[in-house]
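K.L.:
Got a predicted structure plus its sequence, pasted below:
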Amino acid sequence: MTDAAASPAVDRSPLANRIVDTLIHRIGKDERVARKHDWLDATILTLRDEIIDKWMESTRAAHASGAKRVYYISLEFLIGRLLRDALSNLGRNAEVKAALASLGVDLDEIEEIEPDAALGNGGLGRLAACFMESMATLELSAYGYGIRYVNGMFRQRIDDGWQVELPETWLTHGNPWEFERRESAYFIGFGGEVTSNAAGRVDWNPAEAVEAVAFDTPVVGWRGKRVNTLRLWSARAFDPIRLDAFNAGDHAGALAGQVRAEALVRVLYPSDASAAGQELRLRQEYFFSSASIQDVVRRHMQYFGDIRLLPEKAAIQLNDTHPAISVAELMRLLLDHHELDFDEAWDIARRTFGYTNHTLLPEALESWPLPLFERLLPRHMQIVYAINAQVLREAARSGAADGGAIAAISLIDENGERRIRMANLAFVGSHSVNGVAALHTELMKQTVFADLHRLYPDRINNKTNGITPRRWLMECNPRLTSLIRDAIGPAFCDDAEQLKLLESFANDASFRERFGEVKRSNKVDLSNYLREDQGLRVDPDALFDVQVKRIHEYKRQLLNIIDTVALYDQIRSHPERDWVPRVKLFGGKAASSYHNAKLIIKLANDVAKRINSDPAVGGLLKVGFIPNYNVSLAERIIPAADLSEQISTAGMEASGTGNMKFALNGAITIGTLDGANIEIKDRVGDDNIVIFGLTADEVAETRRAGYSPRSIIENSRELSQAINAIASGVFSPDDPGRYRDLMSGLYDHDWFMVAADFDAYAAAQRTVDARWRDRGGWQASAIRNVANVGWFSSDRTIGEYARDIWNVM
Ligand code: 26V
């Protein structure tokens with residue numbers, strides 16, 4: 001530590017003294033020997049003490065008012081780091097920074113070593129995290145329920161261009177934010193038998209059981225007005241060790257129960273390639289659903305004493321189908337523990353639950369083999385049959401459903417091996433079913449849920465996603481935030497739609513210039529990171545063209561890479577032309593069993609290697625793949641982007657939320673008419689976004705009419721040259737056949753319509769070049785993006801859920 005650390009304690013602020021006191025008494029370190037992570041923990045614990053007071057106040061207020069509570073159940077919460085978020089929302093940033101500085105500690109440095117809580121994959125998990133923050137900001141009495149994964153999302157390393165997955169060990173050094181709640185522990189049973197007596201009383205005797213234990217993390221809303229709870233469940237064996245077995249010498253066997261329990265909370269998305277993996281995933285889902293529903297019912301009974309009041313006092317939102325088994329679990333508690341009759345229980349369940357759908361991709365719609373479901377959850381199987389009978393009776397009565405419709409509505413898929421359809425269970429068990437962008441909601445009605453929609457025409461509604469402007473503007477982009485504040489005052493900090501006031505500054509040349517300087521400084525920061533972290537040198541004056549998100553064929557990183565290859569080819573052929581210097585950045589993780597996605601990562605790296613070392617392109621084109629894309633990297637990358645790639649095959653991206661984050665930070669979108677891109681376009685205006693490609697209707701029509709990518713490829717010289725170069729090994733001289741199958745897939749089926757959209761995409765990129773050359777015009781467009789995307793604040797989204805679904809506002 002520096003000299004400041006040795007300065008006499010009398011000069012220090014009370015806050016600095018509290019931090020030192022925490023360091024000594026709770027971390028057990030003297031300030032002279034304390035390391036960065038000790039200071040990090042001491043700072044968090046000191047802040048947490050203050051948060052606890054507000055937390056308790058919030059809890060007391062909820063009790064006193066008897067307010068309805070909202071429960072957001074999600075298998076994923078992609079929280080990222082919490083220190084900066086908490087400091088900023090509490091308005092304590094400057095004070096804590098100064099206190100630490102007086103101790104010779106740099107706040108920025110310790111913020112950087114806080115591990116990311118990476119308990120999610122991508123958009124769905126990050127949405128849950130934004131929603132938690134907005135619910136606290138809107139002062140709703142809300143709880144998040146999830147799993148406290150020991151390892152969470154894997155860490156991605158790139159070895160010779162290939163993705164390698166490593167376990168993320170975010171809990172190794174403890175987690176100063178959380179509180180273990182020993183008193184909130186629940187019995188979670190699996191398997192066994194169901195018996196019923198003459199009086200109709202049903203008894204489930206599970207063959208095995210684990211204990212769910214709660215860990216609570218405080219969630220601070222903007223201006224610290226309210227602190228809510230994120231409750232994550234961990235698993236414990238009832239008998240952590242079988243002493244008899246241990247003493248008899250079977251040391252591993254004696255611990256098997258604990259190992260089995262811990263497997264439940266080890267990783268997010270255990271590979272479902274094996275039957276054991278599938279079973280683990282269903283166990284996880286039941287484990288956290290059961291614990292959460294038991295906790296909701298316990299709290300409700302404690303405060304209100306009458307289970308019939310549950311729908312008036314609790315709203316439970318199912319984040320996708322992962323917690324859909326909650327519907328059957330609540331029914332089980334109502335029927336078997338509270339002894340309600342089926343009709344009354346079913347009415348209570350439906351009025352309590354809401355379900356949000358996040359994807360229409362058939363391979364992502366969950367269903368469980370019936371034999372597995374029955375073996376693991378025999379009582380729930382009976383309940384699912386009873387629900388199904390009720391729903392099919394309603395369908396028959398309605399007269400609206402023919403045989404085909406009945407088969408589609410059924411909770412049981414009878415095509416081939418019988419399977420339980422979790423989306424149908426969630427749908428029928430909820431009074432509200434929502435999509436996450438206008439187009440997505442329309443497509444839900446027309447496709448996967450068409451028959452259920454005819455039966456329950458008022459149930460499907462839209463809630464376009466949002467992002468929290470605290471994390472995704474104020475915290476990640478302090479330069480832009482202060483520029484905006486100087487221009488329009490601070491009102492946008494409390495109401496993101498006030499950003500509209502910036503619109504008139506789009507024509508102000510001096511503002512445009514300052515806006516450009518902010519962007520440039522952010523790009524310099526990112527360039528420094530890329531150089532230091534990966535040895536990649538990029539020019540901050542080039543156009544930063546960024547595609548960061550999960551790697552998936554429907555998101556079409558391949559379209560971007562092929563266009564990059566085509567551009568490379570053109571620059572080499574016509575070096576004399578006035579090319580716009582570009583830096584193409586990619587980042588994202590591929591599911592570990594997703595072969596093509598992993599190959600696309602390798603391709604991006606191979607293309608980067610070749611282009612970056614080719615003196616013929618000079619500084620005109622640079623390509624980078626940024627390893628281990630996560631929330632913290634997003635906070636670094638997004639403020640530095642000029643161009644945001646949102647190029648999914650139309651109809652396939654439910655919403656996207658990265659698109660909103662980029663626009664809010666002054667990047668211009670190049671995108672298809674898909675997901676929330678459409679609503680972004682409606683708000684920023686056609687002149688301030690670059691749209692290309694087939695619409696969702698055209699994609700469907702093209703498929704119906706019989707799509708033949710081969711002729712399209714053969715008719716596009718640029719496209720066929722780029723594909724052939726990749727296929728023939730130009731970018732993989734060490735293994736020339738590496739991309740042969742990936743490329744021949746484009747000729748043969750091209751399910752994601754890369755070929756169909758290629759020429760339009762390439763032309764759109766040249767439009768981008770033209771706009772970039774008019775720097776004032778570019779800046780004006782970027783400013784108009786910032787000014788018009790305040791509507792995509794998750795405060796607006798949560799306001800709509802609260803009003804239309806939860807009935808709490
Ligand atoms: C999951 C899977 C798992 C099996 C393999 C294929 C596959 C494909 C997609 C998914 C997505 C699961 C749900 C999800 O994360 N949806 C995302 O939710 C975001 C928040 O609503 C939304 O912005 C994204 O568009 C949507 O993809």
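P.N.:
Structure received. Numbers count the residues shown, from 1 in each chain.

K.L.:
How about stretch 228-244, which residues are buried there?
P.N.:
Using 16 or more other Cβ atoms under 10 Å as the test for burial, stretch 228-244 gives 228-237, 242. Bear in mind the C-beta positions are built from the backbone N, C-alpha and C, glycine included.

K.L.:
Mind checking which of those residues are in strands?
P.N.:
Applying DSSP state E to these, the entries found in strands are 228-236.

K.L.:
Which residue comes closest to R350 once chain neighbours are left out?
P.N.:
H431 (5.4 Å; Cβ to Cβ, 6 or more residues apart in numbering).

K.L.:
can you count the residues close to that neighbour?
P.N.:
Per other Cβ atoms under 10 Å, the neighbour tally for H431 reads 18.

K.L.:
And it, how close does it get to L411?
P.N.:
17 Å (Cβ to Cβ, to the nearest Å).

K.L.:
about what we covered before: mind checking the backbone torsions on the residue nearest to R350?
P.N.:
Phi and psi for H431, reported as degrees, to the nearest 10, are phi -90, psi -10.

K.L.:
One more: the one 5 residues further on?
P.N.:
Note on V436: backbone dihedrals following degrees, to the nearest 10 are phi -110, psi 0.

K.L.:
What is the neighbour count of it?
P.N.:
28.

K.L.:
The closest residue to it other than its chain neighbours: what's it in contact with?
P.N.:
Spatially, and ignoring its direct neighbours in sequence, V436 is nearest to S655 (4.1 Å; Cβ to Cβ, 6+ apart). Residues counted as contacts of S655 (Cβ atoms under 8 Å, 6 or more residues apart in numbering) are 123, 358, 436-437, 440, 464-465, 675-676.

K.L.:
phi, psi of L264?
P.N.:
phi -60, psi -30.

K.L.:
whoops, N807 was the one
P.N.:
phi 60, psi 50.

K.L.:
check the contacts of S655 against the ligand, which are close?
P.N.:
123, 358, 436, 465, 675 (Cβ under 6 Å from any ligand atom).

K.L.:
now, which of those residues lie within helices?
P.N.:
G123 (DSSP state H).

K.L.:
most neighbours, which of the ones next to the ligand among the contacts of S655?
P.N.:
For those, neighbours tallied by other Cβ under 10 Å; top is G675, 30 neighbours.

K.L.:
Against T321, how distant is it?
P.N.:
G675 is 19 Å from T321, by Cβ to Cβ.

K.L.:
Over to E109?
P.N.:
42 Å.

K.L.:
and these two? which has more neighbours close in?
P.N.:
With neighbours defined as other Cβ under 10 Å, E109 and T321 compare such that T321 has more, 25 against 12.

K.L.:
So the more buried one, which state does it fall into?
P.N.:
Classification of T321 using DSSP: H, G, I helix; E, B strand; the rest coil returns coil.

K.L.:
and if you look at G189?
P.N.:
strand.

K.L.:
Who does it form a beta bridge with?
P.N.:
A209 (DSSP bridges).

K.L.:
right, and it touches A212 too?
P.N.:
No - taking contacts as Cβ atoms under 8 Å, G189 lies outside contact range of A212: 11.1 Å.

K.L.:
ok, these two, which is more surrounded?
P.N.:
Comparing G189 with A212 by other Cβ under 10 Å, the one with more neighbours is A212, at 24 against 17.

K.L.:
Might you report the residue contacts of the more buried one?
P.N.:
By Cβ under 8 Å, 6+ apart, the neighbours of A212 are 185-186, 188, 233-235, 287-288, 290-291.

K.L.:
And these, which is the shakiest by pLDDT?
P.N.:
Across those, no position has a lower pLDDT than A185, which has 94.

K.L.:
where does it fall, helix, sheet strand or coil?
P.N.:
strand.

K.L.:
do E111 as well
P.N.:
helix.

K.L.:
returning to what we had before: I'd like to know how far the residue nearest to R350 sits from P490.
P.N.:
Distance from H431 to P490, by Cβ to Cβ: 39 Å.

K.L.:
And D336, by the same measure?
P.N.:
When D336 is compared with P490 (using Cβ to Cβ), they lie 54 Å apart.

K.L.:
With Y72 instead?
P.N.:
Counting by Cβ to Cβ, the gap from Y72 to P490 is 29 Å.

K.L.:
Between these two, tell me which one has more neighbours.
P.N.:
Between Y72 and P490, counting by other Cβ under 10 Å, Y72 is the more crowded of the two (28 against 10).

K.L.:
and the helix or strand hosting the more buried one, anywhere near the ligand?
P.N.:
Per DSSP states H and E: Y72 is located in strand 69-73. No - using Cβ under 6 Å from any ligand atom, strand 69-73 stays clear of the ligand, with a minimum separation of 13.0 Å.

K.L.:
Contacts for that strand, please.
P.N.:
Here strand 69-73 has contacts from 62, 128, 131-132, 135, 140-146, 288-289, 292, 296, 299, 313-319, 323, 326, 802, 806, 808, using Cβ under 8 Å, 6+ apart.

K.L.:
quick one: low-confidence ranges for the protein?
P.N.:
The chain contains residues with pLDDT under 70 at 1-10.

K.L.:
Work out for me the element the residue lying farthest from the centre of the chain sits within.
P.N.:
Farthest-out residue of the chain from its mean C-alpha position, per Cα atoms, centre = their mean: A198, at 48.8 Å. Using DSSP H and E, A198 sits in no helix or strand.

K.L.:
So what does it look like in phi/psi?
P.N.:
According to degrees, to the nearest 10, A198 has phi -60, psi -30.

K.L.:
before we move on, what about F353?
P.N.:
Dihedral angles for F353 - degrees, to the nearest 10 - are phi -90, psi 150.

K.L.:
What sits closest to it if chain neighbours are left out?
P.N.:
Per Cβ to Cβ, 6+ apart, closest to F353 is S430, 4.2 Å.

K.L.:
Secondary structure element for the one you found, which one?
P.N.:
Going by DSSP H and E, S430 is not in any helix or strand.

K.L.:
was I right about it contacting R351?
P.N.:
No - using Cβ under 8 Å, S430 is not in contact with R351; the gap is 9.3 Å.

K.L.:
what about those two, which has more around it?
P.N.:
S430 (25 against 16).

K.L.:
residue contacts, G799?
P.N.:
138, 809.

K.L.:
so which strand or helix has it?
P.N.:
Using DSSP H and E, G799 falls in helix 794-800.

K.L.:
Is that helix positioned near the ligand?
P.N.:
No - using Cβ under 6 Å from any ligand atom, helix 794-800 stays clear of the ligand, coming no nearer than 10.1 Å.

K.L.:
would you put the C-alpha positions of that helix in PDB?
P.N.:
In PDB, the C-alpha atoms belonging to helix 794-800 read as follows (Å, rounded to 0.1, in the frame of the first residue of the first chain):
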ATOM      1  CA  SER A 794     -36.800  -2.200 -17.800                       C
ATOM      2  CA  ASP A 795     -38.700   0.200 -15.500                       C
ATOM      3  CA  ARG A 796     -41.200   0.600 -18.300                       C
ATOM      4  CA  THR A 797     -41.400  -3.100 -18.900                       C
ATOM      5  CA  ILE A 798     -41.800  -3.900 -15.200                       C
ATOM      6  CA  GLY A 799     -44.400  -1.100 -15.000                       C
ATOM      7  CA  GLU A 800     -46.400  -3.000 -17.600                       C
END
